[in-house]
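Q: Task: produce atomic coordinates for the following.
(2 chains)
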Amino acid sequence: MLNRKEAPFATEISGIKIKETVEHTFQNGIKLYALNAGNEEVLKLDIVFNAGAISQVYKGQANFTAKMLSEGTSKYTAAEIAEKLDFYGAYFQAKSGTDDAVITLYCINKHLTNCLPFIVEILTDSIIPENDLAILKKNTIQNLIVNEERNSFLARRTFNQSIFGNTVYGGYSTKEDINKIEQNILVDFYKNQYQKGIKYILVSGLVNDMVIGTIANNFDNNLFLSNERNNHNYQETIFEKETIFVEKPNSIQSAIRIGKKLFNRNNPDFREVQLLNLILGGYFGSRLMKNIREEKGLTYGIYSAIEAYPNDACWYIDTEMNNELCEKGIEEIYKEVKLLRTKKIGQDELRIAKNYLLGSFMRSIDGPFSLADRFKILKDYNLSYSYYYEYIEIIKNSTSESLLELANKYFNEESFTNVRVGAKN
Amino acid sequence: MNVAQLFSHDNIIKNILIKYNQYQLPNGLTVIHHFDDSTQLCVLNMLYNVGSKHENPNKTGFAHLFEHLMFGGSVNIEDFDTELQDAGGESNAFTSNDITNYYLTLPANNIETGFWLESDRMLSLDFTQESLDIQRNVVIEEFKERYLSQPYGDVWLKILPLAYKVHPYNWPTIGKEISHIENATLEDVKAFFKNFYCPNNAVLVLAGNIELEKCKELVAKWFEPIPSQQYTKPSYSLEPKQTEAREETVYADVPANMIVKAYHMPARTSNDYYAADMLTDILGSGKSSRFYTELVKNKNLFSELDAYITGDVDAGLLLIEGKISDNITVKDAEKAIIDLLEDFKLNGIGDDELTKIKNKSETNIRFNDMTVLNKAMKLAYAWVLGDIELVNKEIDHYLNVTKENIMEAAKNIITPTNCSTLYYLSNHAK
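A: Predicted structure coming up:
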């Protein structure tokens, strides 16, 4: 007779293998990292530049330069570039983050040769036409106005400003900042941050010699320089806790973000704190989800997360809940954090969290693009693959005692900044 | 040289094949197996052939509410998620107009845990009033978060009843109104389970690093003992042909005026479906699309303008949706869309434009097929459509579409009397 009461035997996750990149160095010094995995003929090419917001002089400069890259070169108009890349079924993306900018091409293998000349064109000869810039500014402002109607957007912005102050991680462009952006400051940024060199190139997917050769044909020449170093200075602000209420009359729900400044991956406690965070609010089985969603039905979702950057980091709990019941919800959040500091985590709960986290790590290295993302994290923080293998060991060896110690060291709820955006109660 | 000649369609997609095995258990459960050892994972996908279109019009939102209850414990297992997480797994689900789909991913070694969990909740749920009360609240918060608290969040609540007068697609999956969810009783829940959640109304897909023999053995062990059920598919009427232009105007606290035009189009299983899908690619997909180049970029009448289809099993909708630029009147913006569409119907498309969207289709399919989870869902959905082999044949349906097919789709679909227009206007502009 089949026993349905008892779980089938499940093994502890072990022997996780991470497919690593292969490094190539071009004659011009540019490093190409190749990640060959999967069995579909697809490619993702990331070209990374020291062109994040951290390198900008004016707000919005980095972001707008990235967005304007494909808006016209001396040879082609924006429409022609889009037409060519679309014709080969490719997708182009230029994203400027806080610390770098990544230009990405997605295409299938057989079209790489045809697509790359346009990428080269964009990276060496963009002219950032004024007319296209005017349209982008207008549409960006309209998007911003829509976002400002979202309580969750406002909560995130207010929280980050409180935690990171006027640094790149707390900096948001206002309507006025966007209006002030002019063609010449974008051209300057393009010259200084793009044309002075590529940080590195990362290709993932079905990467064979032909793919490497095609990339070399386009990038291993005197059109491009290598520029691995980012020579900016980051001035960390001093964190002081705040309680902030942003009134949005007529809101049905309040957006809530509670948290504090934390440290990034270069701190030895980071990986074990990831496990602690998971238990509190990092997955569906977390304490916050179980208590506030599954037991009390106060929200559709609640989670906690560490937001790490190469120079700084924060940790927060985020949720949206019924405006009238949110005081009760906030109280429960603080109770859960306090419990994490005062009572040891039970053995079952710890085992489940560990198993889930390791399974989740396995999913995060599934497929070429996921592997490329994991590699990029290592580059961002100047780490090697041993970081991940150690991570697996740290998770496996973590104990209730060490987690209690970490909770007390870092998660004193007295020290939290608390942001609520919603209607008055 | 005409670049189109370089890529004659003969050399597009010859080697994309999702290999699978398929069989049926005596209790009526269809099983599909797909082996892929490039991953360390295994996916178990269970699709029940029930969606919001099978609901009682006075008890809408039920299929989706039920999806939440499926995680509230089953007859032998108190806590679904905890057991899954303990084996390193993760799961989720979604409900649409047509189907409810559950999926879980586990390290391949531990896939039996998935069989245990998924078969137990097919066997029976642990129905408690408490679990219902809580999930009702969660779903009500979801309703608010996604449909009421977001700017433009209730567009679907407005456009569907305008476009559908008879067919149950006239309410969204979340439900017509919150009261329907509030009023759901435990009796309703039990009856719903009994009727729809049986092996003979479901398809099970195993995809990933699991051999066929192992799959068969586990299916026999966990799913074969579950009895089949008598069930009735509620009948519903198909939407009659729309014969008059419909429109509605609403005002809300949103920053910009928005226009949504919804046209009826052929069902997912119709041969004409593909041409309609490609029509929206030409119009609204990407920076070289007609809408973007002409109306967003050149004339700057819209800050965004998209065209897309709902892709429902029964005849669905082709939608055009745009946010209108600040200083432009709604009428001018709408006229520009209509003029562009009329011009398109008159002058047609070029060879390169056709090749372009076919190339896009190939890219989309290849990128989609990168993960076993996507492949599993695609197999399950093809079963719903009545032909599993669609997972491999579908690309040919796209590649065989001619310019004439697309023109014909445009002429048949894009007509004023087939259109419902929603003017979603900003209170600031009032």
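Q: could you pull out the helices for the stretch 51-200 of chain A?
A: A:61-68, A:78-87, A:112-125, A:130-147, A:151-164, A:175-180, A:183-189 (DSSP state H, counting those that start in this stretch).
Q: contacting residues for residue 249?
A: Went with chain A since none was named. Counting by CB atoms under 8 Å, 6 or more residues apart in numbering or on different chains, residue A:249 makes contact with A:423, A:424. Placement of C-beta: from N, CA and C, glycine included.
Q: looking at chain B here, not the other one
A: Counting by CB under 8 Å, 6+ apart, the residues that residue B:249 touches are B:422, B:423, B:425.
Q: related to what we said a few turns ago, identify, out of the helices of the stretch 51-200 of chain A, the most deeply packed stretch.
A: With neighbours defined as mean count of other CB atoms under 10 Å in any protein chain shown, the helices of the stretch 51-200 of chain A peak in mean count at helix A:61-68, which reaches a mean of 24.
Q: Report the angle between that helix and helix A:130-147.
A: 110 degrees (axes from the mean of the first three to the mean of the last three CA atoms, to 10 degrees).
Q: Report all helices and strands that helix A:61-68 contacts.
A: strand A:91-96, strand A:101-108, helix A:130-147, helix A:183-189 (3 or more CB pairs under 8 Å, 6 or more residues apart in numbering or on different chains; DSSP states H and E).
Q: For the shortest one, what is the distance to the chain centroid?
A: Going by CA atoms, centre = their mean, to the nearest Å, the spacing between the C-alpha centre of strand A:91-96 and its chain's C-alpha centre is 14 Å.
Q: Equivalent analysis for the second one, please.
A: Centroid separation for strand A:101-108 versus its chain: 16 Å, with CA atoms, centre = their mean.
Q: And the closest residue to chain B within the stretch 201-350 of chain A, how close does it get to residue A:218?
A: Nearest to chain B in the stretch 201-350 of chain A, going by CB to the nearest CB, is residue A:297, at a distance of 2.9 Å. According to CB to CB, to the nearest Å, residue A:297 stands 56 Å off from residue A:218.
Q: what does residue A:344 give?
A: On the measure of CB to CB, residue A:344 and residue A:218 end up 57 Å apart.
Q: In terms of neighbours, single out the busier of the two.
A: Taking other CB atoms under 10 Å in any protein chain shown, residue A:344 and residue A:218 do not tie; residue A:218 has more neighbours (18 against 13).
Q: out of the helices and strands packed on helix A:61-68, nearest to chain B?
A: helix A:130-147 (4.0 Å).
Q: helices or strands next to the closest one in the packing?
A: Against helix A:130-147 (3+ CB pairs under 8 Å, 6+ apart) you get helix A:61-68, helix A:175-180, helix A:183-189, strand B:302-309.
Q: most surrounded residue in the contacts of residue B:249?
A: residue B:422 (22 neighbours).
Q: Can you classify the closest residue in space to that one that isn't next to it in sequence by secondary structure?
A: Spatial nearest neighbour of residue B:422, chain neighbours left out: residue B:260 (4.3 Å); criterion: CB to CB, 6 or more residues apart in numbering or on different chains. Secondary structure of residue B:260, reduced to three states by DSSP: H, G, I helix; E, B strand; the rest coil: strand.
Q: picking that back up, Serialize the helices and strands packed on helix A:130-147 to TSV and add fields for distance to residue B:371 and mean pLDDT.
A: What follows is those, written out as TSV (distance: least, CB to CB, whole Å; pLDDT from 0 to 100):
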stretch	distance to residue B:371	mean pLDDT
helix A:61-68	28	97
helix A:175-180	37	96
helix A:183-189	37	97
strand B:302-309	23	96
